[in-house]
Each structure stands twice: as C-alpha cells, then as structure tokens.
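Participant: Please work out how this folds:
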Amino acid sequence: MSQYFKDSLALCRVVGHPTVFLTMACNSKWPEIKEMMKHLPGSDVCNAPDVVSRVFKLKLEQLMDLIKKKNYFGRCIGIMHVIEFQKRGLPHCHMLIWLHPDDRPKNTDQIHSLVSAEIPDKDRDPVRYAAVKNYMIHGPCEQDFTYSPCMQKGKCMRHFPKRYNADTYFDDCGFPIYRRRRTNTRVSVKGTELDNQFVVPFNRDLLIMFQCHINLEICNNSRSLKYLFK
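Facilitator: The predicted model follows:
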C-alpha cells in the first residue's frame, strides 16, 4: 500500500491532482447474480462469493471501458482503483480518475452535468427517483436513529444531514459543496421522510446504467489518495 501511495503521488506530480473520485458498490440483486443463484438451490448470495465477485468484476470492466475508451467523463489520462470487501462480503471499488486539463469541470454548470445531490422529481423521472431512493440515500440517522452504524459520539461520521445550498461551490479547503435546494421532493426510508440533505452525490446516467450505489465526487486535491491506500 505504501508503494501504491507513492506511485499515486508521482502521478500527481506529473499530471496534477485527480479530477473525479468514484465509488461503486456491488448490488446483490443484480439480475446476473439472481440468475446464477437459480443454479444453486437452497443457497444464499452470501454463500456464493465466486458468483458475486465475478459479476462485480464484469460490471467494473464495463465501467472502466466507458471511462478509458469511450471517454464518458472526458479524455482520461490516468486512472487508479482499489477493490475492498465489506463486512457482509460484498465488493466495492474506489477509483480516482485524471481527466485532460481541457475536459476538467471548471464551473458549476459543468459540475452539475456530472454530479447531482438532489432527489429527482417522482412524476417527471420515476426511474431515476426509484434508483436514488434505493441506492443513494444515506440514513436515516441523527436524533431519532442513534443506533445507526454511522453514528459515533452522537453524530453522523459522514456528516449527514448536509446543509441546503442554492448552488454548488468550493469551501476554504477546496472540498465541493453541492447544490441541495429545499424542495418538496422526499423519499420514505424506514418510515422516515428524507429530503436532499440525505442524498449521496451521484451521476444520473451511471446510476441508471448500473443500478447500484455509485458515488461520484469532484476532486481538486490529493487527500483522496490517502483514502484509497489507507
């Protein structure tokens, strides 16, 4: 891990800071996994790590192909990723992507075209609404759910709920604060109504394409390298 971290720092010195940080988690309800489980009667997904890992690898290769060869985010000049396994056995991938300087988002409109942190309108876009509800909502946590896994010393370690923001901007440390407008659009999770304050940033099209938790963040510093190779 130390060598990988040093390699990533060397990459930063050559091409600059990474542009995009992406996290993709396996969905145990993917149709490919459910189809394979039909050949293992009486067995559960947690007992078939070979099936889960193979399907996740195929999905990850599809995502990598979109980014590297089809330039989904723009011209890709560097990519680095690690695969980890959750305590429940499901794999997930953390990925850093370096884009060509001309293709990096330079204003809020370009950021909004890549990243969203708001719940879509249920009537206008029911498919994305369902995907955000299923995969991209954090919580509930805080006062009424102090037993949530994210709670430490009475506070959410992921810093939810987020503040409402009329527009996207960068804070003093260079961390992006995404647009989260106060709207009437909500989702019901565990009997609790949650709004844009609990949305994990995502890319609209990738979320629909892969139907899993796929978090997307804009980077402009090298701190995310430490998260990859912790």
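
Participant: CA atoms only for stretch 91-106, dumped as PDB, please.
Facilitator: Output of stretch 91-106 as PDB, limited to C-alpha atoms (Å, rounded to 0.1, in the frame of the first residue of the first chain):
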ATOM      1  CA  PRO A  91     -17.000  -6.000  -3.000                       C
ATOM      2  CA  HIS A  92     -16.800  -2.300  -3.800                       C
ATOM      3  CA  CYS A  93     -14.300  -0.200  -5.700                       C
ATOM      4  CA  HIS A  94     -12.800   3.200  -5.000                       C
ATOM      5  CA  MET A  95     -11.500   4.900  -8.200                       C
ATOM      6  CA  LEU A  96      -9.600   8.100  -8.900                       C
ATOM      7  CA  ILE A  97      -9.800   9.500 -12.400                       C
ATOM      8  CA  TRP A  98      -7.500  12.100 -14.000                       C
ATOM      9  CA  LEU A  99      -9.000  13.900 -16.900                       C
ATOM     10  CA  HIS A 100      -7.300  16.000 -19.600                       C
ATOM     11  CA  PRO A 101      -7.000  19.700 -18.400                       C
ATOM     12  CA  ASP A 102      -9.400  20.800 -21.200                       C
ATOM     13  CA  ASP A 103     -12.100  18.400 -20.000                       C
ATOM     14  CA  ARG A 104     -12.000  19.100 -16.300                       C
ATOM     15  CA  PRO A 105     -15.100  20.800 -14.900                       C
ATOM     16  CA  LYS A 106     -14.300  24.500 -14.500                       C
END
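
Participant: for the record, mean pLDDT for it?
Facilitator: Per-residue pLDDT over stretch 91-106 has a mean of 93.

Participant: All the helices of the chain, residue numbers only.
Facilitator: 2-15, 31-37, 49-68, 108-114, 126-135, 204-210, 223-228 (DSSP state H).

Participant: rank those helices by pLDDT, which is bottom?
Facilitator: helix 223-228 (a mean of 84).

Participant: buried sites along that one?
Facilitator: Residues of helix 223-228 classed as buried by neighbour count (16 or more other C-beta atoms under 10 Å): 224-225, 228. Backbone N, C-alpha and C define where each C-beta goes, glycine included.

Participant: ok, back up a step: quick one: closest of the helices of the chain to V189.
Facilitator: Nearest of these to V189, taken as C-beta to C-beta: helix 126-135 at 7.5 Å.

Participant: how does the chain divide into domains?
Facilitator: 1-114+202-230, 116-200 (automatic domain parsing).
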